[in-house]
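# need coordinates for the following:
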Amino acid sequence: MRGGSGEVKIEHFWEPKSEMHSHTRMFARLTLEPGSSIGFHPHDGEEEIFVVVRGRAEADDNGRIVELGVGDTLLTGDGAGHAIRCIGDETLELVAVIGTY
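Alright, predicted model coming up:
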């Protein structure tokens, strides 16, 4: 996904426009197996929030590398970019919310 490695499973909680009427573009569970990643990408005119539900992640938060565990969050704002990689031996599960301005 977005130039990353492996596969990313996306399970939408609600579908934008057909079920949600807010400015939310995505509200979903993302699942990444060990070694899988989402490549670096920016968010223009929107922000994305990740909440780690299971596993561990290494995130490139607009050039700052951080490690995230269960309960940790990451917010990427307008114009900033990020990448996420599953680290360790356990599957990474994230709740992801993308809102537009």
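# is it true that Glu90 touches Val52?
No: taking Cβ atoms under 8 Å as the definition, Glu90 is not a contact partner of Val52, at 11.1 Å. The C-beta positions use only the backbone N, C-alpha and C, and glycine is treated the same way.
# more neighbours: which of the two?
A count of neighbours by other Cβ atoms under 10 Å puts Val52 above the other of Glu90 and Val52, at 20 against 13.
# may I have the strands that pair with the helix or strand where that one lies, each with its orientation?
Val52 is part of strand 46-54, with elements assigned from DSSP states H and E. If you go by DSSP bridges, strand 46-54 pairs up with strand 73-76 (antiparallel), strand 92-100 (antiparallel).
# Thr100 and Glu46 touch, don't they?
Yes: counting by Cβ under 8 Å, Glu46 is a contact partner of Thr100 at 4.5 Å.
# got any residues that touch both of the two?
Arg25 (Cβ atoms under 8 Å, 6 or more residues apart in numbering).
# now the strands for this structure?
Using DSSP state E, the strands of the chain run over 8-12, 24-32, 37-42, 46-54, 56-61, 64-68, 73-76, 81-87, 92-100.
# re the thing from before, any residues touching the strand holding Val52, and which ones?
Strand 46-54 is contacted from outside by 25, 29-30, 57, 59, 68-78, 82, 84, 90-101, using Cβ under 8 Å, 6+ apart.
# filter the residues you listed down to the buried ones.
29-30, 57, 59, 68, 74, 76, 82, 84, 92-94, 96-98 (16 or more other Cβ atoms under 10 Å).
# for the residues you listed, which one is nearest Ser18?
Within those, the smallest distance to Ser18 is 16.1 Å, found for Ile98 (Cβ to Cβ).
# mind listing what that closest one touches?
Ile98 touches Thr24, Arg25, Met26, His43, Glu46, Glu47, Glu48, Ile49, counting by Cβ under 8 Å, 6+ apart.
# beta-bridge partners for it, please?
Bridge pairing for Ile98 - DSSP bridges - gives Met26, Glu48.
# and the gap between it and Thr91?
Look at Ile98 and Thr91: by Cβ to Cβ, to the nearest Å, they are 22 Å apart.
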